[in-house]
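S.K.: dropping the sequence and predicted coords here.
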Amino acid sequence: MHKLYIYLSFLFFISFASCTKGDGINIFTIQDDIKLGKETKQQIEANPSEFPIMSRSAYPEQYQYMESIVRDILNTGEVKYKDEFDWEIYLIDSEVQNAFCVPGGYMYVYTGLIKYLDSKSSLAGVIGHEMAHADKRHSTKLLTQKYGVQTLLDVLLGENQNLLTQIGAELVSLRFSRKEEKQADEYSVIYLCPSEYHADGAANFFDKINNESSNQVPEFLSTHPNPENRVENIRGKAEDMNCQSTIDPTVDIDGYLSFKNSLP
């Protein structure tokens, strides 16, 4: 009887929330995001053939470089879950041009993407974009939509304790909608605007792809829809916010060149 009451009450909640909230609902708590992220991180680490993560002890300076960018973004005060999520970043030794962030702030950037970019601000823009996916909790919102009522009940009633582990593997290849990608682009600008970086750094990556003659679409875009006005939206947001960069060109360009040349 108790479970039936919970069931009916929760069905009412779902119906009400779906009708009143344009972004849909997310039944995962912040702690669920963190737990799911940690379990996904363990799955990634258990698969080194697909995810050859570079060792921190072998590449301390490279990790310090990446972590300094994450720290700069967090220090702007614009990241909602700055203190709740772990915000760990990992380098994957692969020519694939990709990056992703799972719930809880666990980020993965492929060396192929780093080598493709031309400035520290561009890398900061991409990292900011991925952090936004976690900070806006896009992944767990999508999982809520995908699994629906039964998943909500499983979580609520404490049944199927392995549920989060089972769906963790999906997080690496989740495809976000244009709405979610646009929001991540927007928040990349919001995160970078108070920093020294060029706030529209992410636009440089997409602009470079658009200007190249190659028809091969980078892996990064296979899971990140790229509408025609994406660059304009990012740069327009930076202009609207009147963002002003103070980064030294020798740091932004020359220093970045040295960094990416130090990668395997």
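M.R.: Good, I have the coordinates.
S.K.: going along the chain, name the helices of the stretch 1-150 of the chain.
M.R.: In the stretch 1-150 of the chain, the helices defined using DSSP state H, counting those that start in this stretch lie at 2-20, 30-45, 60-74, 111-116, 120-135, 138-157.
S.K.: could you list the low-pLDDT ranges of this protein?
M.R.: Across the chain, the ranges flagged by pLDDT under 70 are 1-24, 148-169, 213-228.
S.K.: which residues does Q62 contact?
M.R.: By CB atoms under 8 Å, 6 or more residues apart in numbering, the contact list for Q62 reads M54, L91, F259, S262, L263. All C-beta spots, glycine's among them, are computed from the backbone N, C-alpha and C.
S.K.: distance of it from L263?
M.R.: Distance from Q62 to L263, counting by CB to CB, to the nearest Å: 6 Å.
S.K.: give me the common contacts of the two.
M.R.: Common contact partners of Q62 and L263 (CB under 8 Å, 6+ apart): L91.
S.K.: among the contacts of Q62, which two are most distant?
M.R.: M54 and F259 (13.3 Å; CB to CB).
S.K.: what sits against F51?
M.R.: F51 makes contacts with I44, E45, I92, Y108, as judged by CB under 8 Å, 6+ apart.
S.K.: just give me the closest of those residues to V172.
M.R.: Distance to V172 across the contacts of F51 (CB to CB) is lowest for I44, with 7.1 Å.
S.K.: return the residues in contact with D252.
M.R.: In this structure, D252 makes contact with S119, K120, S121, Y197, H198, judged by CB under 8 Å, 6+ apart.
S.K.: ignore what I typed, I meant G77.
M.R.: By CB under 8 Å, 6+ apart, G77 lies in contact with P194.
S.K.: would you mind measuring from it to S121?
M.R.: In this view, G77 and S121 are 19 Å apart by CB to CB.
S.K.: next one: S68
M.R.: The value you get for S68 to S121, if CB to CB is used, is 13 Å.
S.K.: now do K146
M.R.: The spacing between K146 and S121, counted by CB to CB, is 35 Å.
S.K.: quick one, which of those two is more surrounded?
M.R.: Per other CB atoms under 10 Å, whichever of K146 and S121 has more neighbours is S121, with 27 against 11.
S.K.: just give the nearest non-adjacent residue to G105, would you?
M.R.: Using CB to CB, 6 or more residues apart in numbering and skipping residues adjacent in sequence, the residue nearest G105 is F85, 3.4 Å away.
S.K.: wait, D200
M.R.: According to CB to CB, 6+ apart, the nearest residue to D200 is A238 (4.1 Å).
S.K.: contacts only, for the one you found.
M.R.: Applying CB under 8 Å, 6+ apart, we find A238 in contact with V189, C193, H198, A199, D200.
S.K.: let's see that with 10 Å instead.
M.R.: Counting by CB atoms under 10 Å, 6 or more residues apart in numbering, A238 touches 125, 188-190, 192-193, 198-203, 244-245.
S.K.: for G255, same thing?
M.R.: G255 is in contact with Y65, S119, K120, I247, D248, P249, counting by CB under 10 Å, 6+ apart.
S.K.: ok, the second one - contacts?
M.R.: Which is S119. By CB under 10 Å, 6+ apart, the contact list for S119 reads 125, 197-198, 201, 204-205, 247, 249, 251-257.
S.K.: rerun at 6 Å
M.R.: Contact analysis of S119 by CB atoms under 6 Å, 6 or more residues apart in numbering lists D252, I253, Y256.
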